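Novice: following is a predicted model, sequence given first.
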Amino acid sequence: MPSVNVLPFDANLGYPQRQRVKIDNEAYDCFYRWNSNGFCVLKIVRVEDSKIVFNGKLCKLTPWEAKDPATYEILFTMLPYDINESKADIWVFW
């Protein structure tokens, strides 16, 4: 059955920051940054093999899929629900 969670983001730390999260029994590092063009950029790296499964800008209510870089299998889907200069509320479905 699909699960829904929210990626961790500490508003007190602001941008940039790194958070480690476990999604579907896999550990990932989430690197958040706010670029000079006014967008949140998120890079997600699988801890097990240091492979990047997602790297892109986040726009409110625009879904993204994180994929295995070798097989292109969809690992999970993200929906940025509320993104601004002080927070990143990203829902994750798997």
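Specialist: Cool, got the structure.
Novice: for residue 39, give me its contacts.
Specialist: The contact partners of residue 39, taken as Cβ atoms under 8 Å, 6 or more residues apart in numbering, are 57, 58, 59. Any C-beta I mention is one placed from the backbone N, CA and C, and that applies to glycine too.
Novice: quick one, which of the residues you listed are buried?
Specialist: For the contacts of residue 39, burial is judged from neighbour counts taken by 16 or more other Cβ atoms under 10 Å, and it is met by residue 58.
Novice: pipe the contacts of residue 39 into JSON lines and attach pLDDT, secondary structure and distance to residue 10 per row.
Specialist: Converted to JSON lines, those look like this (pLDDT from 0 to 100; DSSP: H, G, I helix; E, B strand; the rest coil; distance: Cβ to Cβ, whole Å):
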{"residue": "57", "pLDDT": "96", "secondary structure": "strand", "distance to residue 10": "20"}
{"residue": "58", "pLDDT": "96", "secondary structure": "strand", "distance to residue 10": "17"}
{"residue": "59", "pLDDT": "95", "secondary structure": "coil", "distance to residue 10": "22"}
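Novice: could the contacts of residue 39 be laid out in JSON lines, adding distance to residue 50?
Specialist: Listed next are the contacts of residue 39 as JSON lines, based on distance: Cβ to Cβ, whole Å:
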{"residue": "57", "distance to residue 50": "22"}
{"residue": "58", "distance to residue 50": "22"}
{"residue": "59", "distance to residue 50": "27"}
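Novice: do a quick rundown of the strands in the protein.
Specialist: 4-6, 17-23, 26-34, 40-46, 51-58, 64-67, 74-83, 88-93 (DSSP state E).
Novice: closest one of the contacts of residue 39 to residue 30?
Specialist: Nearest to residue 30 among those, counting by Cβ to Cβ, is residue 58 at 11.2 Å.
Novice: please name the residues that touch the closest one.
Specialist: Taking Cβ under 8 Å, 6+ apart, we find residue 58 in contact with 39, 40, 41, 42, 64, 78, 80, 83, 88, 90.
Novice: quick one: which of those residues is most hemmed in?
Specialist: Looking at the contacts of residue 58 with neighbours defined as other Cβ atoms under 10 Å, the largest count falls to residue 88 at 25 neighbours.
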